[in-house]
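Student: My questions are about this predicted structure, shown below with the sequence.
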Amino acid sequence: MTPQPLLEVARLFLCLYTQAALSAPFVRQVAAGNHRCLAWPKGQVATMTSSTLSLATEIEAATGVNPATCYQCGKCSAGCPMASESDLRPHQVMRRVMYGSREQTLRDESIWLCLTCETCSARCPNACDPAGVIDALREISIESGMATMPRTISAFHKSFLEQIRTNGRLHEVGLVVGYKLRSGALMNDVTNTPGLISRGKMGLLPDKIKGVAEVKRIFDKCGVTL
Amino acid sequence: MSTVVDAARAPSVPTPSAGVLAYYPGCSLHGTEPEYDESLRAVVEALGIAVAEIPDWNCCGASSGHTTDHLLGVALPARNLALAEAAGFDRVLAPCAACYNRLASARIAVAEDAEVRERMPDILGREFANSVEVLSVLNVLREAAADIAQRAAAPRPTPNPIVGARLASYYGCLLVRPPEVSGGDDPEQPMFMDEIVRACGGEAIDWNMKVECCGGAFSVSRTSSVLRMGRAIIEDARRNGAEAIVVACPLCHTNLDLRQKAMESRGEARMPVLFITQVVGLALGLPPETLGLKRHFIATEPLLADLSVRAAQRVADEKKAAEEKAAKAAARAAKAAEAKKAAEAAPDAGGDA
Ligand code: SF4
Ligand code: SF4
């Protein structure tokens, strides 16, 4: 048997030599013990704790996308319907994931302005899946308490999920009331309400399913608290 | 072990439902867009497609689910697939594009991700084999396109108003992206809906915004963005000669119909937004009352009135043309008969040679 540490060191040097890449992410990944040169053969990745993980690695673990493969062509941003309203356009998000500060990236409002329309991912010539990366960033930012989503958007998601958790289905009136209380946007859409009711588009009573307990169980098992 | 699990493990006798599609209406069709539900039910009945609602279905979580938690975004739709499976269905129709997308994505996630697959039965408290195929309304109507075309072209007392109608097929995001859920259609230049429109006798116009996003989930929480995107879509449809936009998604419908008043500039004509099921219903000659056409914010009556005038005109023109043709043919026949008679009466002069 070859002694493991020796092999490890040999691989590191080989990698250093061939890549000639003493770049910041490379050093960071090696320091964190998760550069791909250490990950061969499979199962040899050094154990990592979340504090030593770089954002790029976390994203790769969550999505299977290696953000380093993005070559910044910008095609994703060219088709993004929210690009004109966001500070960070999708290709810039990809760059940030590689080189930016973890906290700055996770705290950026832009990730909450993504509509998950998937245009970027469908068009990326390199299968980088920016929409999936942004989805994962949102999840990580919630988990690490750094989410800075605009109040209206967080109010909407919370009210929406609360409706499902309590009734199993969405109840528009409940959603609207919950949303207004959370967001403070009390007058939003008030003028449309009579039109919605007269057209039979707004039921006043919630539609509660029998399996509410099952739905609650799903929320609990997924660890989603509201 | 919780009671939920026990209840689920109790032998549920699968009802034989060969050929019957499980129907997953979703919250929008029960709430803000009942006309989609009405028109869909009317159309599948007319086409002889049997559907049965999934008992006790729950909300698929749409965008809030997976935006917040990936696993929740899979588990909420997966419960519905498990329910359909337990009831013995092998295909489910989800007319709402958002629900379709969530159900289809959950099916793919469970199939491709071993960890998710292993955890699912525990999360759901149900057995789950992931055996149910998910269909969009476009898949189902396209399967029936030949039948629709035949019936749309059949002569009937009130002529088909859709013939010659210039319609912009709008797919938006959720029916075509990610490409794995597009059900075989081209994600950048999809044609399924255009084919259905053509089967109905309509003219599917060529335009640029068929797969652009309408702003979907931001309808309530960031309306300004939705107005910007919706305006661009409607303007492009108008520029390319559309009389109406056709959709297969209740969120697109809300954003383009309910919000249109807030986006229009003075003097612009309104652009009615029809569900594909309403178009098919009209082409099949179903009574407009059964298709929920009066529930829209942008009135559909002026368009329908115009279309039926044109249809009546077209039928009258066709009749006239046919009569003229018949008259001409009769005149020709009479002339020929006369010539023959003359020839018979005077065989020498008839040019027997
Ligand atoms: S399209 Fe793909 S490769 Fe190009 S910048 Fe965007 S993520 Fe990177
Ligand atoms: S998914 Fe998000 S980032 Fe990608 S194009 Fe759509 S809005 Fe832009």
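Tutor: Yep, it's here. Numbering: from 1, shown residues only, chains lettered A, B, ... in the order given. Ligands and ions are numbered 1, 2, ... in the order given.
Student: Stretch B:55-67 and chain A in contact?
Tutor: Yes: using Cβ under 8 Å from any Cβ of the partner chain, stretch B:55-67 reaches chain A at B:D56, B:W57, B:N58, B:C59, B:G61, B:A62, B:S63, B:S64, B:G65, B:H66, B:T67. All C-beta spots, glycine's among them, are computed from the backbone N, C-alpha and C.
Student: Kindly give the local confidence score, pLDDT, for residue 218.
Tutor: You didn't say which chain, so I picked chain A. A:I218 carries a pLDDT value of 93.
Student: I was thinking of chain B, sorry if that wasn't clear
Tutor: For B:F218, pLDDT reads 86.
Student: Could you do B:I234 as well?
Tutor: B:I234 is given a pLDDT of 95.
Student: number of nearby residues for the residue nearest to it when sequence neighbours are not counted?
Tutor: Closest residue in space to B:I234, ignoring its immediate chain neighbours: B:M271 at 5.0 Å, by Cβ to Cβ, 6 or more residues apart in numbering or on different chains. For B:M271, the neighbour count with other Cβ atoms under 10 Å in any protein chain shown is 21.
Student: So B:M271: helix, strand or coil?
Tutor: Put simply, B:M271 is coil when judged by DSSP: H, G, I helix; E, B strand; the rest coil.
Student: From B:V280, how far out is it?
Tutor: 20 Å (Cβ to Cβ, to the nearest Å).
Student: Work out for me the element the closest residue to B:V220 other than its chain neighbours sits within.
Tutor: Nearest residue to B:V220, sequence neighbours excluded (Cβ to Cβ, 6+ apart): A:F156, at 5.8 Å. Applying DSSP states H and E as the criterion places A:F156 in helix A:151-167.
Student: cool, B:C27 as well?
Tutor: helix B:26-30.
Student: So which elements touch that helix?
Tutor: Contacts defined by 3 or more Cβ pairs under 8 Å, 6 or more residues apart in numbering or on different chains; DSSP states H and E place helix B:26-30 against helix B:34-47, helix B:97-112, helix B:250-253.
Student: which stretch among the ones you listed comes nearest ligand 2?
Tutor: helix B:97-112 (12.7 Å; Cβ to the nearest ligand atom).
Student: close to chain A, is the closest one?
Tutor: No: Helix B:97-112 lies out of reach of chain A by Cβ under 8 Å from any Cβ, never closer than 9.0 Å.
Student: For the host helix or strand of B:D147, the averaged confidence score.
Tutor: Element membership for B:D147, per DSSP H and E: helix B:145-153. In this model, helix B:145-153 has an average pLDDT of 96.
Student: So what touches it?
Tutor: B:47, B:141, B:160, B:162-163, B:195-196, B:198-201, B:280, B:283-285 (Cβ atoms under 8 Å, 6 or more residues apart in numbering or on different chains).
Student: now with 7 Å?
Tutor: Residues external to helix B:145-153 that are found in contact with it (Cβ atoms under 7 Å, 6 or more residues apart in numbering or on different chains): B:L47, B:N160, B:I162, B:E195, B:I196, B:A199, B:C200, B:G201, B:V280, B:A283, B:L284.
Student: export that helix as CSV, just CAs?
Tutor: Extracted in CSV, the C-alpha atoms of helix B:145-153 (Å, rounded to 0.1, in the frame of the first residue of the first chain):
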residue,chain,number,x,y,z
ALA,B,145,-54.8,17.6,-32.2
ALA,B,146,-56.0,15.5,-35.1
ASP,B,147,-59.4,15.1,-33.4
ILE,B,148,-59.6,18.8,-32.7
ALA,B,149,-58.7,19.7,-36.3
GLN,B,150,-61.4,17.4,-37.7
ARG,B,151,-64.1,18.7,-35.5
ALA,B,152,-63.0,22.3,-35.9
ALA,B,153,-63.4,22.0,-39.7
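Student: distance between the next helix or strand after that helix and the chain's centre?
Tutor: Beyond helix B:145-153 in the direction of the C-terminus, DSSP H and E gives the next helix or strand as strand B:166-169. Mean-position distance between strand B:166-169 and its chain equals 12 Å (Cα atoms, centre = their mean, to the nearest Å).
Student: same deal with stretch B:332-342?
Tutor: So, by Cα atoms, centre = their mean, the centroid of stretch B:332-342 is 55 Å from its chain's centroid.
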